[in-house]
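S.K.: okay, sequence plus prediction incoming.
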Amino acid sequence: MTADTFDLIDEWGPEKIVCVSDRRTGMRGVLVIDNTARGIGKGGTRMSPDLSVAEVARLARTMTWKWAATDLFHGGAKAGIQGDPRGADKERILRAFARALANEVPREYVFGLDMGLTEADAAIFADELGDRGAAVGLPAALGGLPYDELGVTGFGVAEATDAAAARLALDLKGARIAVQGFGAVGQAAVRRYAELGAVIVAVSTAEGAVIDADGIDIQRLIELRREHGDRCVTEYGPAQPPAAALSVDADILVPAAREDVIDVDVAKTTTAALIVEGANLPTTPAARELLHERGITVVPDFIANAGGIVAAAHSMDARQSPFPVEPGAVFTMISAKLRANTDRVIEESRQRDIPPHQAAYALAQERVREAMRLRGAPMERQR
């Protein structure tokens with residue numbers, strides 16, 4: 001372990017960092033178990049060419065707060081594989097990754113879905129370890145709850161948006177929304193926004209952005225996405241650079257792709273009155289402070305995009321059950337929990353005149369701190 005890895009450790013965690021590799025496939029991956037005071041480590045598994053240990057550690061910490069803020073009893077964890085999720089050798093790499101973590105999975109961590117992985121990949125993990133309980137997010141044909149396919153995270157982002165808009169006296173019906181990112185989260189959020197009567201004025205992928213002040217034909221764009229992937233925006237046309245979605249004139253901005261896309265420059269110029277973090281860690285700390293100074297409300301990621309973990313919690317509970325999870329109950333819980341949490345965080349932020357992230361962290365950290373205290377952690381070391 002290098003000094004840089006030791007630098008990742010603070011009073012909350014991580015409790016364990018496991019780096020693995022395989023000479024035959026070239027697989028390189030990492031598992032970070034951040035804090036298990038409230039339960040077994042649980043978080044998605046991602047795959048990207050530029051993945052780093054620090055990135056996975058940041059995401060594992062976000063999972064710690066997300067589980068606690070939603071008041072569900074799992075701990076924060078995250079896993080990642082450094083590689084091309086579209087590569088021809090993906091299955092071999094996934095199987096090698098699963099074998100390398102056989103000591104930790106499923107006793108200390110359960111594979112899930114994140115950027116670069118699909119329900120079929122979850123099935124590969126379960127098959128390689130010979131244990132249906134090794135992964136959640138399995139296809140329905142294997143008894144799982146395919147929450148990416150169902151769009152539970154994006155649905156939750158939209159529900160959080162509606163709750164926040166109501167708190168700000170902003171009618172979501174007719175509101176202009178820009179969505180940066182059109183993967184599983186962005187698509188599902190956009191679909192729900194359309195049902196709620198919002199006007200989608202911008203959508204972006206890695207290939208570009210579609211902007212239309214009169215409203216994008218969302219059904220057409222979704223159909224193009226199925227056929228062309230990220231190139232759907234160029235097929236829809238005309239496409240602008242991807243970053244254009246972050247600067248378009250809109251009432252609500254929803255970053256639903258990668259980390260740190262809303263920086264100080266975006267914070268200075270955005271016209272949005274409300275930003276809802278569909279992605280994990282999409283807003284830099286400096287940008288958050290500036291947005292708060294400008295009076296722009298930001299619904300934190302681990303509040304807004306917690307729909308996926310509500311579904312994951314149901315899936316964790318049903319991993320060995322012969323009975324399938326009922327999606328209707330999942331959507332009902334997502335709506336109730338995310339709306340209540342969004343309302344609570346915004347109200348706390350207003351009453352104490354602090355950024356919503358600070359209010360959300362206080363909520364989550366108090367729950368984790370109490371669990372740590374009950375387990376015997378020396379609380380004088382806790383900030």
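M.R.: That came through, no problem. Residues are numbered from 1 along each chain as shown.
S.K.: where does the closest residue to residue 206 other than its chain neighbours sit: helix, strand or coil?
M.R.: Nearest residue to residue 206 in three dimensions, chain neighbours excluded: residue 230, at 5.0 Å (CB to CB, 6 or more residues apart in numbering). In short, each C-beta sits where N, CA and C put it, glycine included. The local conformation at residue 230, judged by DSSP: H, G, I helix; E, B strand; the rest coil, is helix.
S.K.: before we move on, what about residue 312?
M.R.: Using three-state DSSP, the secondary structure recorded for residue 312 is helix.
S.K.: quick one: residues contacting the closest residue to it other than its chain neighbours.
M.R.: Computed as CB to CB, 6+ apart, the closest residue to residue 312 that is not its neighbour in sequence is residue 136, at 5.3 Å. Neighbouring residues of residue 136 by CB atoms under 8 Å, 6 or more residues apart in numbering: 110-113, 122, 144-145, 312, 315-316, 319.
S.K.: mind running it again at 10 Å?
M.R.: With contacts defined as CB atoms under 10 Å, 6 or more residues apart in numbering, residue 136 is in contact with 42, 44, 106, 110-113, 122, 125-126, 144-145, 147, 308, 311-319, 325.
S.K.: pull out the buried residues from those residues.
M.R.: 42, 44, 106, 110-113, 122, 125-126, 144-145, 147, 308, 311-316, 318-319, 325 (16 or more other CB atoms under 10 Å).
S.K.: narrow these to those in strands?
M.R.: Residues from these lying in strands, with DSSP state E as the criterion: 42, 110.
S.K.: isn't residue 206 right up against residue 233?
M.R.: Yes. With contacts defined as CB atoms under 10 Å, residue 206 counts as touching residue 233 at a distance of 9.3 Å.
S.K.: show me which of those two is the more surrounded one.
M.R.: Neighbours per residue, other CB atoms under 10 Å: of residue 206 and residue 233, the larger number sits with residue 233, 27 against 14.
S.K.: got the CA coordinates for the helix or strand hosting that one in PDB?
M.R.: Secondary structure here is read from DSSP states H and E; on that basis residue 233 sits in helix 232-236. Output in PDB follows, covering the C-alpha atoms of helix 232-236 (Å, rounded to 0.1, in the frame of the first residue of the first chain):
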ATOM      1  CA  CYS A 232     -28.500   9.600 -30.700                       C
ATOM      2  CA  VAL A 233     -27.900  13.300 -30.300                       C
ATOM      3  CA  THR A 234     -26.100  13.600 -33.600                       C
ATOM      4  CA  GLU A 235     -28.900  11.500 -35.300                       C
ATOM      5  CA  TYR A 236     -31.500  13.800 -33.700                       C
END
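S.K.: just the mean pLDDT for stretch 328-335, thanks.
M.R.: When pLDDT is averaged along stretch 328-335, the result is 94.
S.K.: now do the buried residues in it.
M.R.: Taking 16+ other CB under 10 Å as the basis for neighbour counts, the residues of stretch 328-335 that come out buried are 330-331, 333-335.
S.K.: got it, and stretch 188-197?
M.R.: For stretch 188-197, using 16+ other CB under 10 Å, the buried residues are 188-194, 196.
S.K.: just checking, residue 178 touches residue 270?
M.R.: Yes. In this structure, residue 178 is within contact of residue 270 by CB under 10 Å, at 9.1 Å.
S.K.: between the two, who's got more neighbours?
M.R.: Per other CB under 10 Å, whichever of residue 178 and residue 270 has more neighbours is residue 178, with 27 against 22.
S.K.: wasn't that one part of a strand?
M.R.: Yes. Under three-state DSSP, residue 178 falls within a strand.
S.K.: how far away is it from residue 248?
M.R.: Taking CB to CB, to the nearest Å as the measure, residue 178 falls 5 Å from residue 248.
S.K.: please enumerate the shared neighbours of the two.
M.R.: Taking CB under 10 Å, 6+ apart as the criterion, residue 178 and residue 248 both touch 201-202, 204, 209, 211, 270-272.
S.K.: good, wrapping up.
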